[in-house]
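Asks: Show me how the following folds:
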Amino acid sequence: MEKERELYLNPNGRDMWLILDQDKKRIRTIDIKTQKVTIYPFLTKKDAKANYQCWLDNQATRLPTTFIVRSEEYLRPHMKSTIKELGLPIPQKELLKEYIVFHRAVNGYVFMNIENFTNSILPELTFNDINRINVETKISKQKNTYDEVHELHQGALV
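Replies: Model prediction:
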């Protein structure tokens with residue numbers, strides 16, 4: 001069976017590649033920042049698959065610390081507004097090269113325009129990925145606001 005590889009955004013803030021090797025009954029994680037590999041063995045293939053899926057289902061909804069966007073993805077309709085809503089800087093269209101690399105610094109994200117990128121350790125996000133993160137972040141904010149208001153009303157009723 002082929003290995004499955006997915007980006008895992010750990011709730012503790014670390015970005016990792018999560019690799020399921022079902023034949024060997026294990027999950028490997030590769031820390032994107034340090035490239036440290038950790039292996040988690042399981043008793044059965046079913047346990048390995050179930051844990052892999054559980055980790056992916058419970059990952060954080062956020063942008064990775066460092067990620068790549070293809071310039072052609074950036075030029076898609078509504079991409080600029082979505083990037084702006086997430087608080088990312090907007091590169092000038094005229095200066096774009098093949099890729100845009102975003103990295104979270106102390107004061108927010110910074111970007112670089114680069115060509116011929118071959119480092120496969122950094123995740124590449126598409127318009128759909130960025131849009132999904134934006135939508136889920138909005139839903140989460142609305143839910144938190146609703147819960148806060150609901151708690152205030154509950155306190156008033158008691």
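Asks: contacts, neighbours, all on C-alpha from now
Replies: Fine.
Asks: In contact with residue 137, which residues?
Replies: 61, 62 (CA atoms under 8 Å, 6 or more residues apart in numbering).
Asks: Would you mind listing the buried residues in stretch 15-28?
Replies: Neighbour counts using 16 or more other CA atoms under 10 Å place 15, 16, 17, 18, 19, 20, 21, 22, 25, 26, 27, 28 of stretch 15-28 among the buried residues.
Asks: Mind listing residues that contact stretch 83-99?
Replies: Here stretch 83-99 makes contact (CA under 8 Å, 6+ apart) with 68-72, 75, 80, 108-111, 113-117, 130, 134.
Asks: out of those residues, which are inside strands?
Replies: Of the contacts of stretch 83-99, the ones assigned to strands by DSSP state E are 68, 69, 70, 108, 109, 110, 111, 113, 114.
Asks: which residues does the third one contact?
Replies: Remark: with contacts taken as CA under 8 Å, 6+ apart, residue 70 is in contact with 98, 99, 100, 124, 126.
Asks: Could you measure from it over to residue 6?
Replies: For residue 70, the distance to residue 6 (CA to CA, to the nearest Å) stands at 19 Å.
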